[in-house]
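Novice: Let me see the structure of the following:
(chains A and B)
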Amino acid sequence: MDTEGLSIPEAIRRLFGVDVAKESPLLKNKAMSFVRNKLIAVRKEPKVDRKAVYLKADQGHALHNALILNAVFPNPKDVKRIFEDERYRADCAAVVRRLLTDRGSVLGEALQSGSSDKMASFLADTERDLRQERMPNPFQMLPQVALGENTTLLHALLAQAASLEPADSFLLAYLNGDWEAAQKLSSQISSGTPELLAIKTEIDRKLNEAHEFSELLNFFRKK
Amino acid sequence: MTLRYAILGLSILTAPQVLFAKEGPFQYRDASLLIQSCQEAVDVFSSHEKTGYLAAYRTSLSEALRAGYCIGVLEQFSDAYSEYCLGNAGWFENAKRIASLNLTQQESATTTTMDILEEHACGY
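Specialist: Next comes the predicted model:
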């Protein structure tokens, strides 16, 4: 996709389908900080009231990748360094892998798409040029857009990890055949994603069936 | 009266199976089906005794269906033949006796379900 000559909001709309004016001024600000720290090259045209900023040629992939990396690394300085410093880039690839893929969360691993892993691999492979190629986007919605100003992805993931724990253990308890514990933990879950609730419903159904079966066995033995 | 019903019932049970020997389930000479089913029944109930409602976790659908077949056959048999059997030990005791049987291939080809029932589910 050619983004030459586009304004930053226009480019973000093309790249991520996000209308920054309505949905996320934060995302625009983040993009502008990449312009300020010269990661993204622009040409400026004086206009009546303010200076207008247009992307130079071949900036689309870099902007795309910078904003995705920024979802994990909030500081634009760090993102710029990933572009420039191969060793640092490899370190950050390891962080991404730990954060997004080796989550140790049963639900996370069962439900997440493979693109987090692809993104980590892309980042780890320094042969792949962050300015020439677009990295796989693991986010259905960029965290900057979804979470807003006050929350970083790291915070969100920590909160999620903490809140996922009971769900994990109810699924684990069930898979381990500890139905007593599964039932107790499952009864504490009242809201969640449709996927989680589907698992809860299925487990509750199995447990009910087991109790019914048990009652029938008692009935058959009682003569 | 009861005897006539019993004989009628038995002939209904066995007649078609003689005609279609070894072509489908519930064969006249398929004693091993009953034995296997009663083994499942004993397993299911002893698992229930040990683990309570977790028995469902350890019992497959086909095990449960076989167990049900054994219970049904034994119950119906002891009901229909109660006058000719000495006492009634209950289906579970009978199932345990049948489950412990170990027929050779030769024996299972020649032994009828009725033979097994008369010998092991009819008073002792």
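
Novice: CA only for contacts and neighbour counts going forward, please
Specialist: Will do.

Novice: Look up the pLDDT of residue 107 for me, please.
Specialist: You didn't say which chain, so I picked chain A. Looking at A:Leu107, its pLDDT reads 50.

Novice: wrong one, I was asking about chain B
Specialist: 86.

Novice: Report all helices and strands that whichever helix or strand A:Asn65 is part of contacts.
Specialist: Using DSSP states H and E, A:Asn65 sits in helix A:60-72. Under the contact criterion of 3 or more C-alpha pairs under 8 Å, 6 or more residues apart in numbering or on different chains; DSSP states H and E, helix A:60-72 touches helix A:8-16, helix A:25-36, helix A:76-84, helix A:153-175.

Novice: Using PDB, list the CA coordinates for the third one.
Specialist: Taking C-alpha atoms only, helix A:76-84 is exported to PDB below (Å, rounded to 0.1, in the frame of the first residue of the first chain):
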ATOM      1  CA  PRO A  76       8.600   5.800  21.400                       C
ATOM      2  CA  LYS A  77      12.300   5.900  22.100                       C
ATOM      3  CA  ASP A  78      12.400   2.100  22.700                       C
ATOM      4  CA  VAL A  79      10.400   1.500  19.500                       C
ATOM      5  CA  LYS A  80      13.000   3.600  17.500                       C
ATOM      6  CA  ARG A  81      15.800   1.600  19.100                       C
ATOM      7  CA  ILE A  82      14.200  -1.600  17.900                       C
ATOM      8  CA  PHE A  83      14.500  -0.300  14.400                       C
ATOM      9  CA  GLU A  84      18.100   0.600  14.800                       C
END
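
Novice: buried sites along the helix holding A:Asn65?
Specialist: Using 16 or more other C-alpha atoms under 10 Å in any protein chain shown as the test for burial, helix A:60-72 gives A:60-72.

Novice: And the top helix by length along chain A, how far out from the chain middle?
Specialist: In chain A, with assignment by DSSP state H, the single longest helix is helix A:194-221. Mean C-alpha position of helix A:194-221 versus that of the full chain (C-alpha atoms, centre = their mean, to the nearest Å) differs by 35 Å.

Novice: Kindly report the same for stretch A:80-94.
Specialist: Relative to its parent chain, stretch A:80-94 has a centroid offset of 19 Å by C-alpha atoms, centre = their mean.

Novice: again with stretch B:102-111
Specialist: With C-alpha atoms, centre = their mean, you get 15 Å for stretch B:102-111.

Novice: Then stretch B:117-124?
Specialist: Distance of stretch B:117-124 from its chain centroid, counting by C-alpha atoms, centre = their mean, is 11 Å.

Novice: Please apply the same query to stretch A:115-128.
Specialist: Distance of stretch A:115-128 from the chain centroid (C-alpha atoms, centre = their mean) equals 15 Å.

Novice: ditto for stretch B:73-87
Specialist: Distance, stretch centre to chain centre, for stretch B:73-87: 12 Å (C-alpha atoms, centre = their mean).

Novice: CA atoms only for it, dumped as CSV, please.
Specialist: Provided in CSV are the C-alpha atoms of stretch B:73-87 (Å, rounded to 0.1, in the frame of the first residue of the first chain):
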residue,chain,number,x,y,z
VAL,B,73,-31.8,-59.1,30.9
LEU,B,74,-31.2,-60.3,34.4
GLU,B,75,-34.1,-58.3,35.9
GLN,B,76,-36.5,-59.6,33.2
PHE,B,77,-35.3,-63.1,33.5
SER,B,78,-35.7,-63.3,37.3
ASP,B,79,-39.1,-61.7,37.0
ALA,B,80,-40.3,-64.1,34.4
TYR,B,81,-38.8,-67.2,36.0
SER,B,82,-39.2,-66.3,39.7
GLU,B,83,-41.5,-69.3,40.2
TYR,B,84,-38.9,-71.8,38.9
CYS,B,85,-35.8,-70.3,40.6
LEU,B,86,-35.1,-70.9,44.2
GLY,B,87,-34.9,-67.5,45.8
